[in-house]
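**Student:** Return atomic coordinates for the entry below.
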Amino acid sequence: MKISSGLISISAQVNSIPMTFILDSGAELDMLDDGIAKFYGVTAQPSDDTMIISGTGGQIEAPGRWARIDSLKIGGAELHQSAAVLINFPPQFPAQGILGYNFLHHFVTTIDYQAMTVTFRGKAFRVDDATTIPFKLIGNIPSVEIDVDGKRGRFKVDTGNNAAIDINRPFSERNHLFEKYTRHFDTVTGLGLGGEVRSRVVRIQTLTLGTQKIKNLIGHISLQTKGALTDSKFDGLLGFEVLSRFRVTLDYPSNKIVLEKANAEEPAFEYNRSGIGFSVVGGAAVVSDLVPAGPGEEAGVKVGDEMLEINGVSIDTNSIDFAAALFAKPGAAVKIKLCSADKSIREVTVTLHELL
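**Tutor:** Coordinates of the predicted model:
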């Protein structure tokens, strides 16, 4: 497996055709790019229906078309006569398909983030010195109860989410979380199915997951007005930044998740300390948000500027991970080459500091 932007990509074979899939426990269905399916002659079931798919960025409308897959094979695990919904993935999406509930619920799946392996088993196995938590399916997605600074809720376990935790707007409003975390900033925190995701970024003191307590993590309180993060049927998403601290086993047949500690010493949770929020526009990284009096604004960065280079390295949609990593270390002086709205080029130095 490979990890990029917190997404797990794995090699698969669809009817013996090599493809790359994102392993996404937060997907209610397996999905396949419509154009790829047509190119390789994967049989589509005709339909006049329209399907509404709710993602973290909003909702997308797609033709209710399904691909019949004779064989979906990943390593030694194979599923015959499965189905995947056909949608048009955005150009920057790093795979041809999404591996969701249709495939995963047939197996006991272990994700070892440190060894960079995914193992599919046909039945459960015993794990010593581990935390076992029962899960309940909400729309085919496993969900567990967790405690967030004293507020208990039910959160979906989402391997396709790169944050530590995304908290749904109804849960936040009900528990007065917008007022609770006085140190915060609002920005674009990701790109989900349906568009960009805007959140209030806060520091959570303690997240309790079964017997595990995770300290000082970065939380995203949703500012969305549409999409999955406005749903009141669940309270949020538990993502990569938390899950990757464990060896995670999703045991669908037994409805439980098993967490094995991966490291004796846990790394600190990092975040973008530049105060610069950026969006992907036509293949470019464009400044969409500035934290008032934050490092970016202090250095003269403007909303609408296009980021051309960071520390001398060209930036595009394929190097956003690189950009985010450079914005994480407090005290670092980061040089950014910008293109203004009037097409003039300038360079600024942004000195990072704590915002939370």
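
**Student:** switch to C-alpha atoms for all contacts and neighbour counts from now on
**Tutor:** Will do.

**Student:** Just give me how far stretch 239-256 sits from the chain centre.
**Tutor:** Using Cα atoms, centre = their mean, to the nearest Å, the mean C-alpha position of stretch 239-256 is found 14 Å from that of the whole chain.

**Student:** list the buried ones in it?
**Tutor:** For stretch 239-256, a neighbour-count test (16 or more other Cα atoms under 10 Å) marks 239-252, 255-256 as buried.

**Student:** What lies in contact with the strand or helix carrying residue 8?
**Tutor:** Assigning secondary structure by DSSP states H and E places residue 8 in strand 7-14. Residues outside strand 7-14 that contact it (Cα atoms under 8 Å, 6 or more residues apart in numbering): 1-3, 18-24, 69-75, 95, 159-162, 240.

**Student:** Let's see which of those residues end up in strands.
**Tutor:** Using DSSP state E, the subset of the contacts of strand 7-14 located in strands is 2-3, 18-23, 69-74.

**Student:** Any chance of JSON lines for those, columns distance to residue 325 and neighbour count?
**Tutor:** Listed next are the ones in strands among the contacts of strand 7-14 as JSON lines, based on distance: Cα to Cα, whole Å; neighbours: other Cα atoms under 10 Å:
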{"residue": "2", "distance to residue 325": "17", "neighbour count": "14"}
{"residue": "3", "distance to residue 325": "14", "neighbour count": "12"}
{"residue": "18", "distance to residue 325": "31", "neighbour count": "13"}
{"residue": "19", "distance to residue 325": "28", "neighbour count": "16"}
{"residue": "20", "distance to residue 325": "25", "neighbour count": "18"}
{"residue": "21", "distance to residue 325": "24", "neighbour count": "24"}
{"residue": "22", "distance to residue 325": "22", "neighbour count": "27"}
{"residue": "23", "distance to residue 325": "23", "neighbour count": "25"}
{"residue": "69", "distance to residue 325": "38", "neighbour count": "17"}
{"residue": "70", "distance to residue 325": "41", "neighbour count": "16"}
{"residue": "71", "distance to residue 325": "39", "neighbour count": "17"}
{"residue": "72", "distance to residue 325": "35", "neighbour count": "20"}
{"residue": "73", "distance to residue 325": "34", "neighbour count": "19"}
{"residue": "74", "distance to residue 325": "31", "neighbour count": "19"}
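
**Student:** so which of these comes closest to residue 152?
**Tutor:** Here the nearest of the ones in strands among the contacts of strand 7-14 to residue 152, counting by Cα to Cα, is residue 23; it sits at 27.3 Å.

**Student:** Can you tell me the closest non-neighbouring residue to that closest one?
**Tutor:** Among residues not flanking residue 23 along the chain, residue 99 sits closest, at 4.9 Å (Cα to Cα, 6 or more residues apart in numbering).

**Student:** Quick one: neighbours of that neighbour, just the number.
**Tutor:** Per other Cα atoms under 10 Å, the neighbour tally for residue 99 reads 26.

**Student:** what ranges of the stretch 201-350 of the chain fall below the confidence cut-off?
**Tutor:** Applying pLDDT under 70 to the stretch 201-350 of the chain flags the ranges 264, 316-323.

**Student:** all helices of it, in order?
**Tutor:** Here the stretch 201-350 of the chain has its helices, by DSSP state H, counting those that start in this stretch, at 240-243, 295-299, 320-326.

**Student:** Residue 39: neighbouring residues, count only.
**Tutor:** 8.

**Student:** ditto for residue 178
**Tutor:** Using other Cα under 10 Å, residue 178 has 17 other residues around it.

**Student:** from memory it sits against residue 170, does it?
**Tutor:** No: applying Cα atoms under 8 Å, one finds residue 178 not in contact with residue 170, separated by 11.0 Å.

**Student:** related to what we said a few turns ago, got a list of what the residue nearest to residue 23 touches?
**Tutor:** Counting by Cα under 8 Å, 6+ apart, residue 99 makes contact with 21-25, 27, 29-31.
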